[in-house]
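S.K.: only geometry, no sequence info:
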């Protein structure tokens, strides 16, 4: 029983961070219908930024989110204005090629600058945990989860209750109608991409104390992000949150009850099975 | 045109009489210069550098042609082909990892280039009957046997859990370990292979903790070793001993993470205090030049390069003569007595005794076997602070 509870808790904690990555991707897709293959690389940039700030300025990875998130927001906005905006009306294949290319440029530039040596962040709480009734809860993961929960709640409030947030949702629902209603859809696109990048970077910062940092780390996460977004329904923030948590818990339980080497396999089999029964994802709406 | 060409050529021939002089002997060196194993690769690079210096002092001029395999077997194979056919080296030292060394061994045999493997553990590398491939370090089963023998000498463990990375290195050491553990009557409590680059081991470690094994045997490279121990601490895993199978458990980086490395046992091919000829001076020189303690990888690479350099120079760069000299020779240096023998299915394998170290107070101390031991082991594992 203990082992079960322990795996579920670890799964939820890790799932929270996965959810953050998924939310960023789903916002970008919802607003622009662009499949961002560079999402994992944005996360990687967030990790490197956190590592740089940690080693050069000595700022704790969780605290440095206030520096790295806005930085990556601006970078994402820049990418959108200069590159993505030009292909919004192009064939989806071309959009994908563009984002893959951007991802390659990002990961290889970082490889040139920092070499592909693995970096590890060591903080005072890197290996600490809280022990509650026989279950050990990883300290860095718990902080990451709490921060993720706070950010997700804030994001949800932003999207539901503020004018700008509603404008973003309107653009996601129907771009032309939103434009007719007087919403500056170009600005909304820039905002959405910036937001998505900032979220990816934050996710990177949150997992940096418990993961190793190297230029190609992005690809694993891009793949995970896609599974989460499709699982939860493309364009749905709540869906992405749910998707992240489900993937986290599934991975964790699969590692314990089946085999560590097969945990990814179980996730993908589950994913395929779900798509067979609900192609639009858990909370997705079939688009007109 | 031809009227002008001939005198110019004649002039050149007079001006460059040295073109006929013997060039320094070329040795290829394939290593993980960048990539995930770069921290360990750095030790090999430094070891080779020191060897080249020493060879020069003896009047042997060696030109090392370096190739980066980034830790990937395909890249290593490409590098080997370049060295064998493009640069036409006399012999090759390296690569570092088991996966790359095994891939290159096939090419060494195919292109008939003598290859001396300095630090790769996978058994099969010298079990394929390749007479052009020589291995300086002890193979996987010795890693496993030394660790388990040490644990059995210190206490009375009854069960053992294995967690290891799933490439050639981890799989071969773990397989040898499981085999030997069963022979010694230990029950295998768990057998978990993980993918390199999948760094969340918490659930696996929780599963292992639930089995309460007496020993936890881990085989990993640098990044995984640190994360595994961090997460073991988080999860509260407390066996009688943590047995680390070399590589990642044997680096300065791991040693420096005192919170998690203290009291971990690891097996190594060489330590600075081992007492073989020149070990202490080598360690002092390395520390002075590079600012850190040398690992066994540096020592292995150093000795391998010394041996290959001397043999290659004496053979005048002839690959066949080099191979014969390597097969027949004996050397004594910082790795002790070196002799490439064929025995029990191994070809050209050096029989090295592997000492077991334990991290005590942030330093690695040799604790087994008795003839090398400098400090008493702390057993069982006293728990996490």
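M.R.: Sure thing, it's come through. Remember, predicted model here, so these are calculated numbers, not experimental data.

S.K.: helices along chain B, start to end?
M.R.: Counting by DSSP state H, chain B has helices at residues B:2-15, B:38-57, B:73-81, B:98-111, B:140-154, B:168-183, B:202-210, B:222-235, B:252-256, B:258-261, B:279-290, B:296-314, B:319-328.

S.K.: what's the mean pLDDT across stretch A:78-88?
M.R.: Taken as a whole, stretch A:78-88 has a mean pLDDT of 92.

S.K.: spell out which parts of chain B neighbour chain A.
M.R.: Residues of chain B that fall close to chain A, judged by CB under 8 Å from any CB of the partner chain: B:34-36, B:38-39, B:70, B:166, B:192-195, B:197-204, B:206-207, B:210, B:222-223, B:226-227, B:229-231, B:233-236, B:253, B:257, B:259-260. Where you see a C-beta, it was placed from the backbone N, CA and C, and this is true even at glycine.

S.K.: and these, which are buried?
M.R.: The neighbour-count test (16 or more other CB atoms under 10 Å in any protein chain shown) marks B:34-36, B:38-39, B:70, B:166, B:192-194, B:197-204, B:206-207, B:222-223, B:226-227, B:229-231, B:233-236, B:253, B:257, B:260 as buried among the residues of chain B next to chain A.

S.K.: which residues of chain A lie near chain B?
M.R.: So far as CB under 8 Å from any CB goes, chain A lies against chain B at A:2-3, A:6-7, A:10-11, A:14, A:115-118, A:120, A:122, A:126-129, A:131, A:136, A:138-139, A:210-212, A:214, A:220, A:251-253, A:255-256, A:259-261, A:263-264.

S.K.: recalculate using a threshold of 7 Å.
M.R.: Chain A comes close to chain B at residues A:3, A:6-7, A:10, A:14, A:115-118, A:120, A:122, A:126-127, A:129, A:131, A:136, A:138, A:211-212, A:214, A:220, A:252, A:255-256, A:260-261, as judged by CB under 7 Å from any CB of the partner chain.

S.K.: mind listing which of those are in strands?
M.R.: Among those, the residues falling in strands (DSSP state E) are A:129, A:131, A:136, A:138.

S.K.: farthest pair in these?
M.R.: Across these, the longest distance by CB to CB is 11.0 Å; it joins A:131 and A:138.

S.K.: between those two, who's got more neighbours?
M.R.: Using other CB atoms under 10 Å in any protein chain shown as the criterion, residue A:131 and residue A:138 rank with residue A:138 on top: 28 against 10.

S.K.: list the beta-bridge partners for that one.
M.R.: residue A:129 (DSSP bridges).

S.K.: and it, what does it touch?
M.R.: Counting by CB atoms under 7 Å, 6 or more residues apart in numbering or on different chains, residue A:138 touches A:13, A:129, B:202, B:234.

S.K.: could you find the closest non-adjacent residue to the last one?
M.R.: Take residue B:234 and drop its neighbours on the chain: the residue closest to it by CB to CB, 6 or more residues apart in numbering or on different chains is residue A:129, 4.0 Å away.

S.K.: wait, what's in contact with that neighbour?
M.R.: Residue A:129 touches A:136-139, B:234, counting by CB under 7 Å, 6+ apart.

S.K.: so can I have TSV of those residues showing pLDDT?
M.R.: Shown next, in TSV, are the contacts of residue A:129 (pLDDT from 0 to 100):
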residue	pLDDT
A:136	80
A:137	84
A:138	83
A:139	86
B:234	83
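
S.K.: of all these, which two lie farthest apart?
M.R.: Spatial extent of the contacts of residue A:129 (CB to CB) is set by the pair A:136 and A:139 at 9.6 Å.

S.K.: now do stretch A:188-203: everything it contacts.
M.R.: Contacts with stretch A:188-203, where a contact means CB under 7 Å, 6+ apart, come from A:17, A:20-21, A:23-25, A:27-28, A:31-32, A:36, A:39, A:42-43, A:45-46, A:49, A:65, A:68-69, A:72-77, A:79-81, A:84-85, A:151, A:167-168, A:171.

S.K.: circling back to that earlier point, looking at residue A:136 and residue A:139, which is more packed in?
M.R.: Using other CB under 10 Å as the criterion, residue A:136 and residue A:139 rank with residue A:136 on top: 23 against 19.

S.K.: so for the residue nearest to the more buried one when sequence neighbours are not counted, what's the pLDDT?
M.R.: Excluding the flanking residues, the one nearest residue A:136 by CB to CB, 6+ apart is residue A:129, at 4.3 Å. Note for residue A:129: predicted pLDDT of 81.

S.K.: repeat that for the one 3 residues further on.
M.R.: The pLDDT attached to residue A:132 in the predicted structure is 80.

S.K.: check residue A:34 too.
M.R.: Residue A:34 carries a pLDDT score of 88 in this model.

S.K.: distance check, it against chain B.
M.R.: Taking CB to the nearest CB, to the nearest Å as the measure, residue A:34 falls 28 Å from chain B.

S.K.: specify the local secondary structure of the nearest residue to that residue once chain neighbours are set aside.
M.R.: Among residues not flanking residue A:34 along the chain, residue A:95 sits closest, at 5.1 Å (CB to CB, 6+ apart). Look at residue A:95: counting by DSSP: H, G, I helix; E, B strand; the rest coil, its state is helix.

S.K.: so what's residue A:95 up against?
M.R.: A:34-35, A:87.

S.K.: go again using 8 Å as the cut-off
M.R.: For residue A:95, the contacting residues are A:34-35, A:84, A:87-88, by CB atoms under 8 Å, 6 or more residues apart in numbering or on different chains.

S.K.: in JSON lines: those residues, plus secondary structure and neighbour count.
M.R.: Formatted as JSON lines, these follow (DSSP: H, G, I helix; E, B strand; the rest coil; neighbours: other CB atoms under 10 Å in any protein chain shown):
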{"residue": "A:34", "secondary structure": "coil", "neighbour count": "23"}
{"residue": "A:35", "secondary structure": "coil", "neighbour count": "17"}
{"residue": "A:84", "secondary structure": "helix", "neighbour count": "22"}
{"residue": "A:87", "secondary structure": "helix", "neighbour count": "17"}
{"residue": "A:88", "secondary structure": "coil", "neighbour count": "15"}
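
S.K.: kindly check the end-to-end length of stretch B:269-284 for me.
M.R.: With CA to CA, to the nearest Å as the measure, stretch B:269-284 spans 18 Å from end to end.

S.K.: same question, stretch A:115-132
M.R.: End-to-end distance of stretch A:115-132 (CA to CA): 41 Å.

S.K.: buried residues, that stretch. List them.
M.R.: A:116-121, A:123, A:126-129.

S.K.: count of neighbours near residue 158?
M.R.: All of this is about chain A. Neighbourhood size, residue A:158 [other CB under 10 Å]: 14.

S.K.: try chain B instead
M.R.: By other CB under 10 Å, the residues close to residue B:158 number 12.

S.K.: kindly state the pLDDT recorded for the nearest residue in space to it that is not next to it in sequence?
M.R.: Spatial nearest neighbour of residue B:158, chain neighbours left out: residue B:214 (5.5 Å); criterion: CB to CB, 6+ apart. Per-residue confidence (pLDDT) for residue B:214: 94.

S.K.: isn't residue B:214 right up against residue B:148?
M.R.: No. Applying CB atoms under 8 Å as the test, residue B:214 and residue B:148 come out as separate, 11.4 Å apart.

S.K.: those two: which is more packed in?
M.R.: More neighbours surround residue B:148 than the other of residue B:214 and residue B:148, with 24 against 20 (other CB under 10 Å).

S.K.: once you drop chain neighbours, what's closest to that one?
M.R.: residue B:180 (5.5 Å).

S.K.: show me the contacts for that neighbour.
M.R.: For residue B:180, the contact set (CB under 8 Å, 6+ apart) comprises B:141, B:144-145, B:148.

S.K.: can you count the residues close to residue A:93?
M.R.: Residue A:93 has 8 neighbours, counted by other CB under 10 Å.

S.K.: wait, residue B:306 touches residue B:57, no?
M.R.: No. When contacts are counted by CB under 8 Å, residue B:306 is not listed as touching residue B:57 (11.1 Å).
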